[in-house]
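Visitor: Structure for the following, please:
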Amino acid sequence: MKTFFNFDEIFGDLWFPKEFTEDTKQVFEEIQKMINSGKLKGKWDIEKIDEPGRKGYIARGQFWSDRPIDPFDPLRPWRRPTPQRRFPIARETEKEIREPLTDVFEKDEALKIYVELPGEEKESIELNVTEGEVEVKGRKFHKTIEIPTADIDIEKVSSGYKNGVLEITVPKKKKDARKVDIE
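Guide: Next comes the predicted model:
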């Protein structure tokens with residue numbers, strides 16, 4: 001069957017597997033045959049683009065039918081069979097654990113750590129502070145933040161949660177100054 005466009009011209013400069021181009025050509029011809037016979041109503045247009053830096057074709061079409069058409073029919077030869085059962089996925093990978101955004105600021109009197117946890121309930125947040133790190137975790141997030149080990153007072157750490165932002169204050173130890181006599 002002859003279509004209103006030159007199929008070889010469209011695909012001539014492109015490399016596709018022969019089976020693909022033959023099957024695609026057959027699909028185009030079947031559509032054209034259905035339009036010509038009246039089984040498929042509609043129209044289409046193939047526009048050639050030949051400009052500096054741009055070459056190719058644009059295919060536009062509008063089709064309808066009195067009977068349902070499977071839009072994936074042309075792809076059927078390349079479909080893989082659907083597995084009979086789902087592949088087993090470890091429960092750990094099903095959980096979407098994310099790492100929240102954090103900002104750490106060092107002030108003269110304390111470290112200020114801000115952790116963005118939008119949508120989290122205060123009760124679901126767990127905060128652990130040890131020498132050298134602050135760990136924030138919950139149902140769908142986890143973050144470990146390294147902090148200096150010298151001059152911090154982990155016994156006096158405080159935190160607050162407001163508008164989806166956890167604010168952690170890690171105070172620095174007060175430096176005791178003493179007067180030294182010069183001999």
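Visitor: Quick check: which ranges of the protein have low pLDDT?
Guide: With pLDDT under 70 as the threshold, the chain has low-confidence stretches at 1-16, 63-95.
Visitor: In it, what residue spans correspond to helices?
Guide: Listed in chain order, the helices of the chain (DSSP state H) span 7-11, 18-37, 91-94.
Visitor: Please spell out which residues along the longest one are buried.
Guide: For helix 18-37, the neighbour count (16 or more other Cβ atoms under 10 Å) marks 21, 23, 28, 31-32, 34-35 as buried. C-beta coordinates here come from the backbone N, C-alpha and C atoms, glycine included.
Visitor: Mark out where each domain of this protein begins and ends.
Guide: Residue ranges for the domains of the chain, per automatic domain parsing: 7-78, 92-171.
Visitor: contacting residues for residue 114?
Guide: Listed by Cβ atoms under 8 Å, 6 or more residues apart in numbering, the contact partners of residue 114 are 102-105, 165-168.
Visitor: Give me the neighbour count for residue 170.
Guide: Other residues near residue 170 number 22, with proximity taken as other Cβ atoms under 10 Å.
Visitor: so it sits right up against residue 113, yeah?
Guide: Yes: taking contacts as Cβ atoms under 8 Å, residue 170 lies within contact range of residue 113: 6.9 Å.
Visitor: Need the overlap of contacts for these two.
Guide: By Cβ under 8 Å, 6+ apart, residue 170 and residue 113 have these common neighbours: 134, 147.
Visitor: circling back to that earlier point, which among the buried residues of helix 18-37 gets closest to residue 97?
Guide: Checking the buried residues of helix 18-37 against residue 97 by Cβ to Cβ gives residue 23 as the nearest, at 43.6 Å.
Visitor: got the contact list for residue 128?
Guide: 134-135, 137.
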